[in-house]
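K.L.:
The following comprises the amino acid sequence and a computationally predicted model.
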Number of protein chains: 4
Amino acid sequence: MKDHRTIVAEERRQRMRARLLKGAFQVLSQYGSEAKVIDKVIKTAGVSRGTFYNYFKTNEELFAEVSRAVSNEIIRIVDPIVVQQRDPAARIACGLVLVLRLAKRAPILAHFVARGGPLAMGVGNVATEVVPREIRAGRASGHFTIADEELAFDLVLGPIIMAFHRIAQSEISEAYSTQFAQNVLQALGVEPRLAKEYASVDFADIELPEHSMLI
Amino acid sequence: MKDHRTIVAEERRQRMRARLLKGAFQVLSQYGSEAKVIDKVIKTAGVSRGTFYNYFKTNEELFAEVSRAVSNEIIRIVDPIVVQQRDPAARIACGLVLVLRLAKRAPILAHFVARGGPLAMGVGNVATEVVPREIRAGRASGHFTIADEELAFDLVLGPIIMAFHRIAQSEISEAYSTQFAQNVLQALGVEPRLAKEYASVDFADIELPEHSMLI
Amino acid sequence: MKDHRTIVAEERRQRMRARLLKGAFQVLSQYGSEAKVIDKVIKTAGVSRGTFYNYFKTNEELFAEVSRAVSNEIIRIVDPIVVQQRDPAARIACGLVLVLRLAKRAPILAHFVARGGPLAMGVGNVATEVVPREIRAGRASGHFTIADEELAFDLVLGPIIMAFHRIAQSEISEAYSTQFAQNVLQALGVEPRLAKEYASVDFADIELPEHSMLI
Amino acid sequence: MKDHRTIVAEERRQRMRARLLKGAFQVLSQYGSEAKVIDKVIKTAGVSRGTFYNYFKTNEELFAEVSRAVSNEIIRIVDPIVVQQRDPAARIACGLVLVLRLAKRAPILAHFVARGGPLAMGVGNVATEVVPREIRAGRASGHFTIADEELAFDLVLGPIIMAFHRIAQSEISEAYSTQFAQNVLQALGVEPRLAKEYASVDFADIELPEHSMLI
DNA sequence: CATGAATGAGGGTTCATTCAT
DNA sequence: CATGAATGAACCCTCATTCAT
């Protein structure tokens, strides 16, 4: 059992870590994943060089950890609403709509993905865990005619990247999101009438936690 | 009228420029569009520092010029075959299939786009000129039900980026390409049966010019 | 109140700074104020590239700081003796003799000024503060007949530059210094017999601090 | 005996050389003697890199040649008037006044010397030939009490450098020039009343040749 | 001779990383 | 643990000089 001092120290460590990750996320969004970043991060987080290295050893590790953290944050926000949908197609539609909504509310997220490209969707990210699962479910349910699951994955993720890019550049209408979800479902082989139905549901709104790293 | 010396000099300049662009393309594919690459480029091209600066002033200018050159090269290779198709949907299908085929034959192209993300598809690139034109034609022909042309653009380009990413990572089957074209057409609202028909045509094969910068 | 760590760190910073200034002084003396010297400075000071940039941002800043430091050093050495003289003419004579003596003992100082020319006598330097003050005092005392104070300044500084140039090239006799002071005073309108008297005083000798940057 | 072709070629060579020297003089005045200059010179002269090297081998050689050329030009302009004076002291006064007048009319000359410092007065320059001769003459005539001829040289040249520096910076009055000459003579030991007389002569005005390199 | 592309040494600047305090 | 000075590799860019045409 840990004594009190240990616990307090551990909490401080976690807060510091969160602070660094948040700063890094902002900087990476703005300057790209290849940017020389540490200087800006420690400035943003108001912390010394040495401290940074007590938490992350390299640039790449930092980028990976930020990706994971962002991914977790997205799931934490979007999943509670997604799981309320019964049908896999509906769940995908819901995820797509909410994720675009999230990017509109948290533009750095849009930038982060737009700059990072496919690589920002790396291992451990929401996409690589949740999307394939729903695709399999959709095929099992008979709604998706598509056979190749990797292709299906690409048909979902690719448009998301482009949509994020668009959001990062300008604005998108609410209609864009709905249409977006519908047409992605069509790409997966969902019958257009059904796709439209699933995409048009009035999903509950997302809620950004007070200190979310996304804002 | 130019004298002989002038003409010869001009030709040499063009060859040097092409050599630098080719080297830059390789390096940018590997290190990403934001990387500090000049050193690597001159090593790859086997040329001196000073020479590089006789042709390009900055990293960004270099990237832009490479993009343009790559774009032109793609069009030069793919377009002659695409224009043989009568229907816009067929032309899009044809373009998609051939472009994936090209990426398989020229993996650096795949890497270049995968690393660059949406930004590698910047202004002046094949995508931003040719794709929108065909989308408009497709809507006019009544085959595409999709209304929002920007959305349509994203539904075509996004999957291409992901497919290139996949090609850059491993391999894709010939079946992937055909399915890919079909499902993208479906995303645009082409009726599945028709989409399949257009995507299944046995398009003429591309021909890579001997000294193409893509290989 | 500063804690011990802070104080120690501050002292180390000062020592490093002094080391760099001393190295820069040597290099600038040799290559001139406009030379690209950073490389040579860090080699002379035995310090890394990065360290240099922790202290000075540009070549110009470096030159300015060196000038200031040299200037302060000269004053620190010469002034205590100069102020022992009561008459302004005597003070100028004293300053001239001691400054030449100093240049003989610290030949890099001679080089520094010879190479830098009038510009090495820039703002903030000993000359622009002390000399005009004594000139005004000399005029007030009635010993200097010269009316134009700018001209007077030029008649003092110009010969110093040339004398430093001469010292940098070869050697000068002790007689040169005395004569020098006398004749400069004459240029300012001091009566020759008086000028000789003031210039012939056997001024106390200068003392170079142990770690002076001038040697 | 040269044939006609040779003569024409020789003339063209001389014109080219003069063009380069003039350009170099301008550039050196503006950027200092240590500036990286060749690019600017060939641009100013509108000539190719290669051509430059047909005339001058190195930067230093160029600087030396410019100094010589400038020196000759000054003598060509000033000497005809100086030699009209009978007394050495008068000749020195005349030279001083005219040289300042020249610097006012040709500010690049002032800059050139101000930047170059003592070094711009190098071997082969007007100063090192003419001034010592007149000093010796002055001592022989009994007007100069100064014994050390090197010191005398410094007392003349130093003030000139400073005066040129002042001219390069702002403006000087006609009175400055006259006073200047008088006080320099005093520095050399000329009796003040005589010095004033010599310096106050209304010397004939200089004439700048049409294509003088000084303007 | 004139030309200007190519060269590469020289110098500048940044930034991830280490380490003594 | 936190701090921040020091390090040096990796870049960037310029410019005097050469040389094939």
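P.N.:
Done, it's in.

K.L.:
C-alpha only now, for contacts and for neighbours.
P.N.:
Noted.

K.L.:
The closest residue to chain B within chain A and DNA strand E, how far apart?
P.N.:
At 3.8 Å from chain B, residue A:158 is the closest residue in chain A, using Cα to the nearest Cα. Going from residue A:158 to DNA strand E by Cα to the nearest atom of the strand, to the nearest Å gives 29 Å.

K.L.:
How many residues are close by that residue?
P.N.:
Residue A:158: 26 surrounding residues under other Cα atoms under 10 Å in any protein chain shown.

K.L.:
can you check residue A:211 too?
P.N.:
8.

K.L.:
Now do the same for it: helix, strand or coil?
P.N.:
At residue A:211 the chain is in coil, as set by DSSP: H, G, I helix; E, B strand; the rest coil.

K.L.:
tell me the SS of the residue of chain A closest to chain B?
P.N.:
helix.

K.L.:
Tell me which residues touch it, please.
P.N.:
For residue A:158, the contact set (Cα atoms under 8 Å, 6 or more residues apart in numbering or on different chains) comprises A:118, B:155, B:157-162.

K.L.:
Next: residue A:156.
P.N.:
Per Cα under 8 Å, 6+ apart, neighbours of residue A:156: A:184, B:159.

K.L.:
Which element, helix or strand, includes the nearest residue to residue A:35 once chain neighbours are set aside?
P.N.:
Of all residues not flanking residue A:35 in the chain, residue A:28 sits nearest, at 7.0 Å (Cα to Cα, 6 or more residues apart in numbering or on different chains). Taking DSSP states H and E as the definition, residue A:28 sits inside helix A:4-31.

K.L.:
follow-up on the earlier one: any idea how far the nearest residue to the residue of chain A closest to chain B once chain neighbours are set aside is from residue A:165?
P.N.:
Leaving aside its chain neighbours, residue A:158 sits nearest to residue B:158 (3.8 Å; criterion: Cα to Cα, 6+ apart). Between residue B:158 and residue A:165 the distance is 10 Å, computed by Cα to Cα, to the nearest Å.

K.L.:
Ok, residue A:197 next?
P.N.:
Remark: distance between residue A:197 and residue A:165 (Cα to Cα) = 26 Å.

K.L.:
the more surrounded of those two?
P.N.:
Ranked by neighbour count (other Cα under 10 Å), residue A:197 and residue A:165 place residue A:165 first, with 24 against 12.

K.L.:
which of the residues in whatever helix or strand residue A:196 lives in are buried?
P.N.:
In this structure, residue A:196 is located in helix A:192-200 according to DSSP H and E. For helix A:192-200, the neighbour count (16 or more other Cα atoms under 10 Å in any protein chain shown) marks A:192, A:194-196, A:198-200 as buried.

K.L.:
what does chain A have sitting close to DNA strand E?
P.N.:
By the rule Cα under 7 Å from any atom of the strand, the part of chain A lying against DNA strand E is A:35-39, A:49-50, A:53, A:57-59.

K.L.:
Pick out the most distant pair among the contacts of residue A:158.
P.N.:
Using Cα to Cα, the pair of the contacts of residue A:158 lying farthest apart is A:118 and B:155, separated by 15.1 Å.

K.L.:
from the chain's centre, how far out does the helix holding residue A:196 sit?
P.N.:
24 Å (Cα atoms, centre = their mean, to the nearest Å).

K.L.:
returning to what we had before: do you know the pLDDT at the residue of chain A closest to chain B?
P.N.:
Note for residue A:158: predicted pLDDT of 96.

K.L.:
Same check on the one 10 residues further on?
P.N.:
Per-residue pLDDT puts residue A:168 at 94.

K.L.:
residues in contact with it?
P.N.:
Contacts of residue A:168 by Cα under 8 Å, 6+ apart are A:107-108, A:110-111, A:114.

K.L.:
give me that answer again for 6 Å
P.N.:
A:110-111 (Cα atoms under 6 Å, 6 or more residues apart in numbering or on different chains).

K.L.:
Residue A:29 versus that one, what's the distance?
P.N.:
For residue A:168 relative to residue A:29 (Cα to Cα), the value is 10 Å.

K.L.:
Which elements pack onto the helix holding residue A:196?
P.N.:
Applying 3 or more Cα pairs under 6 Å, 6 or more residues apart in numbering or on different chains; DSSP states H and E, one finds that helix A:192-200 makes contact with helix A:174-187.

K.L.:
Whether the helix it packs on contacts chain B - can you check?
P.N.:
Yes. Judged by Cα under 6 Å from any Cα of the partner chain, helix A:174-187 comes into contact with chain B at A:183-184, A:186-187.

K.L.:
Just the element for the residue lying closest to residue A:52 once chain neighbours are set aside, please.
P.N.:
Distances taken as Cα to Cα, 6+ apart place residue A:42 nearest to residue A:52, at 6.9 Å, with adjacent residues excluded. Assessed by DSSP H and E, residue A:42 sits inside helix A:38-45.

K.L.:
could you dump the buried residues of helix A:192-200 to JSON lines with pLDDT?
P.N.:
Formatted as JSON lines, these follow (pLDDT from 0 to 100):
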{"residue": "A:192", "pLDDT": "96"}
{"residue": "A:194", "pLDDT": "96"}
{"residue": "A:195", "pLDDT": "97"}
{"residue": "A:196", "pLDDT": "97"}
{"residue": "A:198", "pLDDT": "96"}
{"residue": "A:199", "pLDDT": "97"}
{"residue": "A:200", "pLDDT": "96"}
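
K.L.:
Of all the residues in chain A, which one is nearest chain D?
P.N.:
For chain A, Cα to the nearest Cα, closest residue to chain D: residue A:36, 32.7 Å.

K.L.:
Okay, and that residue sits in which element?
P.N.:
Using DSSP H and E, no helix or strand contains residue A:36.

K.L.:
What parts of chain A come near chain D?
P.N.:
Counting by Cα under 6 Å from any Cα, chain A comes close to chain D at no residue.

K.L.:
what does chain A have sitting close to chain C?
P.N.:
So chain A never meets chain C (Cα under 6 Å from any Cα).

K.L.:
What is the burial count for the closest residue to DNA strand E within chain A?
P.N.:
Closest approach between chain A and DNA strand E, counting by Cα to the nearest atom of the strand: residue A:36, at 2.7 Å. Using other Cα under 10 Å, residue A:36 is surrounded by 13 other residues.

K.L.:
In contact with it, which residues?
P.N.:
So residue A:36 contacts nothing (Cα under 6 Å, 6+ apart).

K.L.:
pLDDT score for it?
P.N.:
For residue A:36, pLDDT reads 77.

K.L.:
Phi and psi next, for it.
P.N.:
phi -80, psi 110 (degrees, to the nearest 10).

K.L.:
Distance check, it against residue A:24.
P.N.:
11 Å.

K.L.:
Can you classify the closest residue to DNA strand F within chain A by secondary structure?
P.N.:
Nearest to DNA strand F in chain A, going by Cα to the nearest atom of the strand, is residue A:50, at a distance of 2.9 Å. Recorded secondary structure, residue A:50: helix (three-state DSSP).

K.L.:
again with the one 4 residues further on
P.N.:
With three-state DSSP as the basis, residue A:54 sits in helix.

K.L.:
Any idea how many residues pack against it?
P.N.:
The number of residues near residue A:54, taken as other Cα under 10 Å, comes to 10.

K.L.:
which bits of chain A sit near chain B?
P.N.:
Contacts of chain A with chain B, taken as Cα under 6 Å from any Cα, map to A:117, A:154-155, A:158-159, A:162, A:183-184, A:186-187.

K.L.:
Just the CA trace of the helix holding residue A:42, in PDB.
P.N.:
Output of helix A:38-45 as PDB, limited to C-alpha atoms (Å, rounded to 0.1, in the frame of the first residue of the first chain):
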ATOM      1  CA  ILE A  38      10.300  20.400 -28.000                       C
ATOM      2  CA  ASP A  39      11.200  24.100 -27.600                       C
ATOM      3  CA  LYS A  40       7.600  25.200 -28.300                       C
ATOM      4  CA  VAL A  41       6.100  22.500 -26.100                       C
ATOM      5  CA  ILE A  42       8.100  23.400 -23.000                       C
ATOM      6  CA  LYS A  43       7.300  27.000 -23.600                       C
ATOM      7  CA  THR A  44       3.600  26.300 -24.000                       C
ATOM      8  CA  ALA A  45       3.600  24.200 -20.900                       C
END
